[in-house]
Every structure is written in C-alpha cells, then in structure tokens.
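J.: mind folding the following:
(one chain, ligands or ions: 1)
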Amino acid sequence: MSILAGVLGFPVRHSKSPLLHNYWIEKYSVNAYYVPLEVSRLDFPEVINTLPKMGFRGANVTIPHKESALEYCHGVSDRSALIGATNTLKFSSDGAIFADNTDGYGFAQNIKHCVPSWKASAGPALVIGAGGASRAIIHALLEEGAMEVMLVNRTKDRAEFLRKEFGAKVVVYDWIELDSILSEALTIINATSRGMRGYPDLELKVENLRRDAIVNDLVYTPIHTKFLRDAAKRGCRAVDGLGMLMHQAAAAFEIWFGILPEVDGELRRNLLRK
Ligand code: ATR
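T.: Numbers count the residues shown, from 1 in each chain. Here you go, the predicted structure:
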C-alpha cells in the first residue's frame, strides 16, 4: 500500500508543498502520495488524530495551525519547541504524533547552498520582522554560531519578546533605526510581509549596505522583490525566498521517507512556472 503524506492548512490551495514532494516522490520512485488537506481550526484536532490511523506517515503544517498543532503532539523536537511552532509532523504506526520544525534548517541550508563560504559567525546578522518565520531564522542563526542578531520589527514589543526568549545575542532596534544599522550587518534577512504581492515594498537605504553583505528575502511571490533587486544593484549577494522553501521541504521528505532529496534546478523551474 502507498504511504500517504500531506499538508494541513486553511486555505491550502496556494501551497507549493504538493508540487515539491510529488516531484521527489516521482524522482526517487517512492511509493507514496502527497495531498493538500484543507482543514479548519475547528476540525484540526480530530483530523490530526485520525491521519495516523489512515496510513499517513506524516504531514506538513501551515497557516493557521503551525503553533496550535504543538498541543496535539506526543513528542516535540528541541528546535520545534524553541521556535514555538511546527511545520513537519511524523506519525508512528501506534498513532503517536511527533512535531519537528525544518524552517530554520531550510533557511541556513539555502544560504550555504547559494553562498558556500557563508559563516553565521563572520559578523552580525540583521533580521527584519518578528513573526513566525523570524523565530525560525533567529534560531538557525544562533545554531550556526551567530554572535549577534540585530532585530527590527514594526511592532517593537514583538521583537522584545523574541529577545527575552532567545537571549542576549539578540539586540532589538527601533524600526526608524533600520537604515542606520544596515552598514553593520553581514547577513540581512527580510522576514516581514513587505515586498509580497499586495504589500508595500521594503524600501531601504541600500547605499548603506556593505557590498559584501548577503541579502536574503523570504518573500518569493514575486521572486525578484524590490529589496533583492536594490541589494543586487549595490553589489550584494541576493538570495531569493524559493530556496528556503525547497530546503525545508527536503528535510521533511527525509524525516518521512529516509531520503534527503536533491534541491535541483528543474524543481526550481517547476515552482517558478506554477
Ligand atoms: P510569518 O509567519 O510569515 O512570519 P507573521 O507571524 O504574520 O507571518 O509575521 C509577519 C511579519 O511581517 C511581522 O514581523 C509583521 O510586523 P508586525 O509584528 O509589526 O505586524 C511584519 N509586517 C507585516 N506587514 C508589514 C508592513 N506593512 N510593514 C512592516 N512590517 C510588516
């Protein structure tokens, strides 16, 4: 019988996870199906407890269930607990649910893939945004050896909250200080919704960027955000948001199927075509 896996979200129709996982299922000849599962908040507890009994090996979790899913799990990985959210569930045959989070791994793996010489310890990182994505990024940066993570968010309280959770290596600045601290950062990550279709662009004083800075936008709709275009014009290395998406999925695929799939150019082209 085929193994089942899927993505739980609401809405889930825009998720790229089915395309990613089914590409690898075919490429590696895994006997499995990966399906989108649109599940409301109300139905989530019932569904999550039923999936293991229906032949599901695991599931990805997306908005709005990433945080609340932790309540229903029997085990939680350290990184998932630290990030305070899960994006990957693994089910065992006795019905136990284990929560993990591959978002931070996906972020770090993508930068290393694009810039093999990158070292988080080489200089301060600047994270813009203090939502769910930002938590995973901060965790990954600290794991990778960052000595300082500068954090800026429109709502400063949310950034202060993350500093309390992650400790003194995280230093919070005001939103209006953003342009003036750009020159100190070697790795800069946009983890806000700015630049996404329907949102205003992230407009920074790019002449303040170090030319050797690596700039990563987590936004991938559109793929070439204004922030990335401006940074590239300045001479910085611009890393787009599709890579993190592909690498977090690769880690989830390995958790379920025991194969770490290759993040290849054809997959990227497929995602861009969709
Ligand atoms: P995600 O899971 O993608 O991180 P989220 O938790 O909703 O999503 O976080 C969205 C982030 O984008 C937050 O940092 C948010 O800032 P606030 O905490 O002030 O809301 C940021 N954001 C959204 N719209 C923004 C805007 N127009 N300008 C600046 N920041 C914005």
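J.: show me what from the stretch 151-274 of the chain comes close to the ligand.
T.: Asn153, Arg154, Thr155, Arg158, Ala191, Thr192, Ser193, Arg194, Tyr199, Pro200 (C-beta under 6 Å from any ligand atom). C-betas here are computed from N, CA, C, even on glycine.
J.: for those, which one is nearest Gly104?
T.: Nearest to Gly104 among these, counting by C-beta to C-beta, is Ala191 at 11.3 Å.
J.: that closest one: how many residues sit nearby?
T.: 25 (other C-beta atoms under 10 Å).
J.: go ahead and confirm it touches Leu141.
T.: No: between Ala191 and Leu141 there is no contact, the gap being 11.0 Å when judged by C-beta atoms under 8 Å.
J.: okay, which residue is most central for the chain?
T.: Asp103 (3.6 Å; C-alpha atoms, centre = their mean).
J.: wait, that residue sits on His247?
T.: No: with contact defined as C-beta under 8 Å, Asp103 does not count as touching His247 (9.4 Å).
J.: residues in contact with whatever residue of the stretch 51-200 of the chain ends up closest to the ligand?
T.: Distance from the ligand to each residue of the stretch 51-200 of the chain (C-beta to the nearest ligand atom) is smallest for Gly131, at 2.1 Å. By C-beta atoms under 8 Å, 6 or more residues apart in numbering, Gly131 lies in contact with Arg158, Ala191, Thr192.
J.: what sits closest to the residue nearest to the centre of the chain if chain neighbours are left out?
T.: Closest residue to Asp103 apart from its sequence neighbours, by C-beta to C-beta, 6 or more residues apart in numbering: Ala136 at 3.7 Å.
J.: how much space between that neighbour and Leu204?
T.: 22 Å (C-beta to C-beta, to the nearest Å).
J.: same deal with Ala96?
T.: Ala96 is 46 Å from Leu204, by C-beta to C-beta.
J.: overlap in contacts of Ala191 and Leu141?
T.: Val127.
J.: picking that back up, export the residues of the stretch 151-274 of the chain next to the ligand to a markdown table and tack on pLDDT, distance to Ile63 and secondary structure?
T.: As requested, those are arranged in a markdown table below (pLDDT from 0 to 100; distance: C-beta to C-beta, whole Å; DSSP: H, G, I helix; E, B strand; the rest coil):
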| residue | pLDDT | distance to Ile63 | secondary structure |
| --- | --- | --- | --- |
| Asn153 | 98 | 19 | coil |
| Arg154 | 98 | 19 | coil |
| Thr155 | 98 | 19 | coil |
| Arg158 | 97 | 17 | helix |
| Ala191 | 97 | 15 | coil |
| Thr192 | 96 | 15 | coil |
| Ser193 | 95 | 12 | coil |
| Arg194 | 97 | 18 | coil |
| Tyr199 | 96 | 16 | coil |
| Pro200 | 98 | 21 | coil |
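J.: show residues contacting stretch 112-123.
T.: Taking C-beta under 8 Å, 6+ apart as the rule, stretch 112-123 contacts 108, 111, 141, 144-147, 184-187, 214, 237, 239, 243, 247, 263.
J.: mark which of those residues are buried, thanks.
T.: 108, 111, 141, 144, 146, 185-187, 214, 237, 239, 243, 247, 263 (16 or more other C-beta atoms under 10 Å).
J.: could you work out the most separated pair of these?
T.: Ala185 and Val263 (25.9 Å).
J.: ramachandran coordinates for the residue of the stretch 51-200 of the chain closest to the ligand?
T.: In terms of degrees, to the nearest 10, the main-chain angles of Gly131 are phi -90, psi -160.
J.: if we can go back for a sec, quick one, which of Ala136 and Leu204 is more surrounded?
T.: Ala136 (30 against 21).
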